[in-house]
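Visitor: Everything below, folded, please.
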Amino acid sequence: MERRVVITGLGIISPLGIGKEPFWQSLVEGRSGIRRLTRFDPVGYDCQIGGEIPDASYKDLIEPKRLRRMTNAAQLAVAAAQMALADAGLSPAWPNPHTAGVIVGTSLGSFKEGLEQQSILLEKGANRINPFLTVALHINAISAEVAITARTQGLAFTIGGGCASSLCAISTAADMIRSGTLDVCLTGGAESPIIPLTFAGLCRTKELATLNDFPERASRPFDQEHNGLVISEGSCILVLEERSRAERREAPIYGEILGSTLGCEAYESFGLEPSGESAAYTLQEALTRARVTPEEIEWVNAHGSSCPNWDRKETRILKRVFGEAAYSIPISATKSVMGHTFGAAASFQVASAMLAMQYGILPPTINLQTPDPECDLDYVPNHARSFAPQTCLINAFAYGGLNSFLLVGRG
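Guide: Residues are numbered from 1 along each chain as shown. All right, here's what the predicted structure looks like:
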């Protein structure tokens, strides 16, 4: 009998709040977490807004002596992991720690701290850099720190798949549990991208939204005025378990991972393959592997980045796969409320899907006033909708042509 994979814990550190309750309340009410930047002076940048998290809101969840040894992305992941374990009713006292693992996704990893330490090296000399630098900067430090916190002794590694990183991580974690390699896995994403270089680079490529005077309105997926994404930081960690194990301990079950696929259209490093044919094939494969028919999809949690070409392509992909039925499937873009957390983004989408199923409410796509003519589907505009989906599709895309899809169902 194939092992089934369920989600039993959610840990959320986001610009919308700390914990699942404030995160969900802000999503449902459409209260944006986007503000003018405070991490650095944004004067002179085309984009001057983002989704920031106050340090004090989560750093007190971590032992002070460990903070200096970790990058900000790792700190976010560790804090979110502790919340996820508590939510799942688990403690680090594992019956068999070798069957408990960690897989976290990130896009930029420790980019921020590397640049900061480079500046210290050049300005103050080699003796002033952080002595934990080499340990903290390697990309797998994020997963390793979570494993140290949770005292897991199974596999622990970090996946870098651009803006689809956390969906790649969750998909891989589910496969590891199905195969019997693991019984439980802490998985999701963490990202800390709010630094001048990130903004400068994306401003140069015109990828960032520029509605600086009205930050809450800047992220507007599928709207005619969408002109770029809004960067945010955060971490969302999920507890995945083999279903019978979760049932034996009477754990709360949010939902089940039904199946997933990862693909790459291999078109251009930056540009998009315009037709959506390759991504549509990958999505169809996800449905097949999950044994879900297109007619059974009741809600889509969209990538919805607010970049015009990406929004239009995502719409074309859904039409290719679902045909006329695409017009009757509600679609929510949660990035309209919280911005784009790059490698962590899809983990927030999965968490919001679990909460939508639990509460019977679909979060809205805010700032959708006049739809882009090429984006003509039902994007749940501006107001939450009462509906309890049984099955949900989560989409995530990344530079380089990575297409990833995950299907979840009620537990």
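
Visitor: all helices for the stretch 201-350 of the chain, in order.
Guide: With DSSP state H, counting those that start in this stretch, the ranges of helices along the stretch 201-350 of the chain come out as 243-248, 277-290, 308-322, 335-338, 345-359.

Visitor: what's the closest of those to residue 217?
Guide: For the helices of the stretch 201-350 of the chain, proximity to residue 217 was assessed by CB to CB; helix 335-338 is nearest, at 9.6 Å. For every residue, glycine as well, the C-beta is placed using N, CA and C.

Visitor: Could the C-alpha coordinates of the closest one be exported in CSV?
Guide: What follows is helix 335-338, C-alpha atoms only, in CSV (Å, rounded to 0.1, in the frame of the first residue of the first chain):
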residue,chain,number,x,y,z
LYS,A,335,1.2,37.7,-3.2
SER,A,336,-1.2,40.6,-3.8
VAL,A,337,-1.5,40.9,0.0
MET,A,338,2.0,39.8,1.3
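
Visitor: elements contacting it?
Guide: For helix 335-338, the packing partners by 3 or more CB pairs under 8 Å, 6 or more residues apart in numbering; DSSP states H and E come out as helix 20-29.

Visitor: quick one: contacts for residue 80?
Guide: 11, 12, 13, 188, 190, 235, 236, 237 (CB atoms under 8 Å, 6 or more residues apart in numbering).

Visitor: mind running it again at 10 Å?
Guide: Neighbour list for residue 80: 10-14, 18-19, 58, 61, 104, 146, 186, 188-190, 234-238, 344, 347 [criterion: CB atoms under 10 Å, 6 or more residues apart in numbering].

Visitor: and the residue nearest to residue 333 when sequence neighbours are not counted, what are its phi and psi?
Guide: Computed as CB to CB, 6 or more residues apart in numbering, the closest residue to residue 333 that is not its neighbour in sequence is residue 304, at 2.7 Å. The phi/psi pair for residue 304 (degrees, to the nearest 10) reads phi 40, psi 70.

Visitor: Do you know the pLDDT at residue 304?
Guide: Per-residue pLDDT puts residue 304 at 97.

Visitor: now residue 1
Guide: On the pLDDT scale, residue 1 is placed at 68.

Visitor: And the one 5 residues further on, by the same measure?
Guide: Predicted confidence (pLDDT) at residue 6: the value is 98.

Visitor: Using CSV, list the CA coordinates for whichever strand or helix holds residue 120.
Guide: When elements are assigned from DSSP states H and E, residue 120 belongs to helix 111-124. C-alpha atoms of helix 111-124 as CSV (Å, rounded to 0.1, in the frame of the first residue of the first chain):
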residue,chain,number,x,y,z
PHE,A,111,23.3,36.5,0.0
LYS,A,112,22.6,39.3,2.5
GLU,A,113,25.2,38.4,5.1
GLY,A,114,27.8,37.6,2.5
LEU,A,115,27.6,41.1,1.2
GLU,A,116,27.6,42.6,4.7
GLN,A,117,30.7,40.6,5.7
GLN,A,118,32.5,41.6,2.4
SER,A,119,32.0,45.2,3.3
ILE,A,120,33.4,44.7,6.8
LEU,A,121,36.4,42.9,5.3
LEU,A,122,37.1,45.8,3.0
GLU,A,123,36.5,48.5,5.5
LYS,A,124,37.8,47.1,8.8
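
Visitor: Not including adjacent chain positions, what is the nearest residue to the residue with the shortest distance to the centre of the chain?
Guide: With distances taken as CA atoms, centre = their mean, the residue of the chain nearest its centroid is residue 345 (2.2 Å). Distances taken as CB to CB, 6+ apart put residue 163 closest to residue 345, at 5.9 Å, once the chain neighbours are dropped.

Visitor: Got the phi and psi for the one you found?
Guide: For residue 163, the backbone dihedrals (degrees, to the nearest 10) come out as phi -70, psi 0.

Visitor: By mean pLDDT, which helix or strand of the protein comes out lowest?
Guide: Counting by mean pLDDT, DSSP states H and E, the chain has its least confident helix or strand at helix 133-137, which shows a mean of 74.

Visitor: Looks like the residue nearest to the centre of the chain contacts residue 303 (just checking).
Guide: Yes: Residue 345 is in contact with residue 303 according to CB atoms under 10 Å; the separation is 7.8 Å.

Visitor: list residues touching both of these two?
Guide: With CB under 10 Å, 6+ apart, residue 345 and residue 303 have common neighbours 163, 164, 167, 335, 396, 397, 398.

Visitor: Now the last one. Nearest residue, chain neighbours left out?
Guide: When you say that, I think you mean residue 398. Residue 398 sits nearest to residue 162 (CB to CB, 6+ apart), 2.9 Å away.

Visitor: Quick check, the one you found in contact with residue 107.
Guide: Yes: using CB under 10 Å as the test, residue 162 is close enough to residue 107 to be in contact (5.3 Å).

Visitor: Which of these two has more residues huddled nearby?
Guide: residue 107 (25 against 20; other CB atoms under 10 Å).
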